[in-house]
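Peer 1: Quick one, what's the 3D model for this:
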Amino acid sequence: MKLWKIFIIPCLLVAKMALAGEVLVVSAESSGLNSVSVKQVQAAFLSQPADDGPQIVAVDRQQTPEHLREIFYEKAVGRSITRMKAHWSQLVFTGRGAPPDRAADLDDLKKILKAKPLAVSYVDASENTSGLKVLLRLSGE
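Peer 2: Numbers count the residues shown, from 1 in each chain. Just a heads-up that it's a prediction; the model follows:
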């Protein structure tokens, strides 16, 4: 009985990611950033120093449409939400860092990004991106 769960759950996760649209890494239109690399995004969301380009600041989201947060972390960082929570707990416990600030909703996200010139976050391509600059596209495939 448990064996089928081991097979079905990963298949459902892959199917969910395949059906997902594009995830956009964004900043405020007024930011000085024009593009970012996946490595910069990984470093920012893992609270690590970036090797290339400016040190960007990550802003996470509390509420996202259709599992966007999980999909973003799988695509951009290569970790599940559970692994990210464990990572941040370890950083906080050792005093080496903290999880990114979190925006309550899309409007709050836009305000935070506008206030922090090197801040980046993520949105679904179907969301209203007025006032935001697309820095990186992570496809659904």
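
Peer 1: What count of nearby residues applies to Val123?
Peer 2: Neighbour count for Val123, taken as other C-beta atoms under 10 Å: 23. C-betas here are computed from N, CA, C, even on glycine.

Peer 1: what does the one 4 residues further on give?
Peer 2: For Glu127, the neighbour count with other C-beta under 10 Å is 17.

Peer 1: which residues of the chain fall in strands?
Peer 2: 23-28, 57-61, 101-103, 119-124, 132-138 (DSSP state E).

Peer 1: For the first one, name the packing helices and strands.
Peer 2: In terms of contact count using 3 or more C-beta pairs under 8 Å, 6 or more residues apart in numbering; DSSP states H and E, strand 23-28 is assigned the packing partners helix 68-72, helix 106-115, strand 119-124, strand 132-138.

Peer 1: For the second one, give the mean pLDDT please.
Peer 2: I take that to be helix 106-115. For helix 106-115, mean pLDDT rounds to 96.

Peer 1: so how many other residues sit close to Leu106?
Peer 2: Neighbour tally, Leu106, other C-beta under 10 Å: 19.
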